[in-house]
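Asker: this one's structure only:
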């Protein structure tokens, strides 16, 4: 039996995958096992940004070791088509107030554009009953930026042209 390898995506293809998505998983070094957590993200064409509550296990892991792997995926409901990108890098907490405000505006735009439920606010440290603009007005969460990405370490795979052969 021949092993078939999935083709690698070009940078422009995985940039599109990242740009079209908004949910990822971040793998942190844990105490005994890796810790994986889902995050909303925005991508400005160069960097991925994440909002994090200021509490929880992920914050503890981030402070102990900011090196992570971010995974973004896209797939059809029957898995006939799928693609994923795993991006190793380092999280950096954004400190500049104006930059944090601009990034939070990007998150407000994302929530509106994707027509997401305001229940997502609870994952960001806010009440779903609050107006969406509270993300911009109040500094209740941390803004993280993925940096230190080595393009040669990015794992990208897809099967858009993979077909099943009947025997």
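Answerer: Noted; the coordinates are in hand. Treat the numbers as computed from the prediction; the structure is a model and nothing was measured.

Asker: any idea which helix or strand in the chain has the lowest mean pLDDT?
Answerer: The helix or strand of the chain with the poorest confidence is strand 155-158; it has a mean of 84 (mean pLDDT, DSSP states H and E).

Asker: any idea which residue sits dead centre in the chain?
Answerer: residue 24 (3.5 Å; C-alpha atoms, centre = their mean).

Asker: please report how far residue 87 lies from residue 113.
Answerer: To residue 113, residue 87 is 23 Å away according to C-beta to C-beta, to the nearest Å. All C-beta spots, glycine's among them, are computed from the backbone N, C-alpha and C.

Asker: okay, the two: which has more neighbours?
Answerer: Shown here are residue 87 and residue 113; by other C-beta atoms under 10 Å, residue 87 has more neighbours (22 against 9).

Asker: what kind of secondary structure is the more buried one in?
Answerer: With DSSP: H, G, I helix; E, B strand; the rest coil as the basis, residue 87 sits in strand.

Asker: quick one, what contacts the closest residue to it other than its chain neighbours?
Answerer: Distances taken as C-beta to C-beta, 6 or more residues apart in numbering put residue 70 closest to residue 87, at 4.7 Å, once the chain neighbours are dropped. Counting by C-beta atoms under 8 Å, 6 or more residues apart in numbering, residue 70 touches 24-27, 41, 48, 86-87, 89, 146.

Asker: tally of neighbours for residue 73?
Answerer: 16.

Asker: helix, strand or coil: sort out it for me.
Answerer: strand.

Asker: quick check: it touching residue 83?
Answerer: Yes - the pair residue 73 / residue 83 is scored as a contact, 6.9 Å apart, by C-beta atoms under 8 Å.
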